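Engineer: here is the input, now give the coordinates:
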Amino acid sequence: MQGRSCYQAEIQGKNPIRPYIFNSMFTSHRFRYFVICPTIFRVRASTLLSEMPSRILIADDSALLRSALRGLFNGIGDYEILEAESGTEAVAKTNECRPNLIILDFAMPGMDGLKVARVLQNSLPEIPIVMYTMHYTDQLSAAALAAGAKQVISKSETGSLISTVRELLTPSEDAPKPAPVQTINSNVKELVFDTPLARRGTQAN
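Structural biologist: You can find the predicted model right below:
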C-alpha cells in the first residue's frame with residue numbers, strides 16, 4: 001500500500017511535459033483545452049486529499065487489543081486503521097504507508113516501543129507517536145518522551161487516548177495552508193507554456 005505522500009506526489013505530477021507528448025497529434029483547439037485540465041485536476045485532487053480520512057497505525061502484539069481499538073476509532077470518527085503486531089512491522093508499515101499518527105505499545109517482540117520511537121523520530125519526525133502501555137511509570141514516560149513520543153498513556157486511560165489522538169490529528173492554525181487556486185493556476189500555466197511543444201502549438205494557432 002502506498003502512503004498518502006506517495007499518492008500526493010503522483011497526482012501533483014513530476015513530469016508535466018509527458019501529457020503534451022501524448023496530445024501533440026491533436027489540433028491546437030484540443031491542445032488549449034487540455035492545458036486547462038491539469039489545473040482542474042490539481043484543484044480537485046487537493047480537495048480530495050484534504051477530505052481523506054486520517055490514517056492511524058496501531059502497533060501492539062495483542063490482536064485482541066488491536067481489534068478493540070480499531071472498533072473504537074471506527075465508531076467515533078472517519079479513520080483508516082492500519083495494524084502491526086511487532087516493532088519491526090511497525091517501522092516497515094510506517095515507511096510504506098505514512099500514517100498520520102501511531103499508537104505504539106511498549107512491550108513488543110523483536111523491537112520494543114522505545115526503539116521504534118527512536119528509529120521513527122530519526123527518519124519521520126513529523127509523524128506523532130502516542131505510547132500506549134500497561135507498564136506505565138514516570139520513568140518509562142520520561143524515556144518515551146525522550147525517544148520521540150508526543151504522549152504516553154496508560155492502557156487503563158482509554159478516554160485520554162481518544163482525546164489525545166483527536167488533538168494530535170486536528171490541524172494547527174500554524175500549519176501550512178493549501179495553495180490557493182490562483183497560485184495553482186499560475187504554476188500550471190508556467191509549467192505548461194514553457195515547453196517547446198507548448199510553444200509550437202501556440203505558434204501553429
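Engineer: skip the chain neighbours and tell me the closest residue to Pro99.
Structural biologist: Nearest residue to Pro99, sequence neighbours excluded (CB to CB, 6 or more residues apart in numbering): Leu57, at 4.0 Å. Heads up, the C-betas are built off the backbone N, CA and C, glycines and all.
Engineer: relative to Ala142, how far out is that neighbour?
Structural biologist: 24 Å (CB to CB, to the nearest Å).
Engineer: the more surrounded of the two?
Structural biologist: Leu57 (23 against 11; other CB atoms under 10 Å).
Engineer: hmm, back to that, which SS class is the residue nearest to Pro99?
Structural biologist: With DSSP: H, G, I helix; E, B strand; the rest coil as the basis, Leu57 sits in strand.
Engineer: correct me if wrong: it contacts Glu80.
Structural biologist: No: between Leu57 and Glu80 there is no contact, the gap being 9.7 Å when judged by CB atoms under 8 Å.
Engineer: so what touches the strand or helix carrying Ser67?
Structural biologist: Using DSSP states H and E, the element containing Ser67 is helix 63-76. Residues outside helix 63-76 that contact it (CB atoms under 8 Å, 6 or more residues apart in numbering) are 56, 58, 60, 79, 81, 83, 85, 103, 105, 155, 158, 162, 165.
Engineer: next, format these as CSV and append neighbour count, secondary structure and pLDDT.
Structural biologist: CSV is the format used below for the contacts of helix 63-76 (neighbours: other CB atoms under 10 Å; DSSP: H, G, I helix; E, B strand; the rest coil; pLDDT from 0 to 100):
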residue, neighbour count, secondary structure, pLDDT
Ile56, 22, strand, 98
Ile58, 24, strand, 98
Asp60, 25, coil, 98
Tyr79, 19, strand, 95
Ile81, 20, strand, 97
Glu83, 17, strand, 98
Glu85, 18, coil, 97
Ile103, 25, strand, 99
Asp105, 26, coil, 98
Lys155, 17, coil, 96
Thr158, 14, helix, 94
Ile162, 16, helix, 96
Val165, 26, helix, 97
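Engineer: show me where pLDDT drops low in this protein?
Structural biologist: For the chain, the stretches with pLDDT under 70 are 1-51, 172-205.
Engineer: good, wrapping up.
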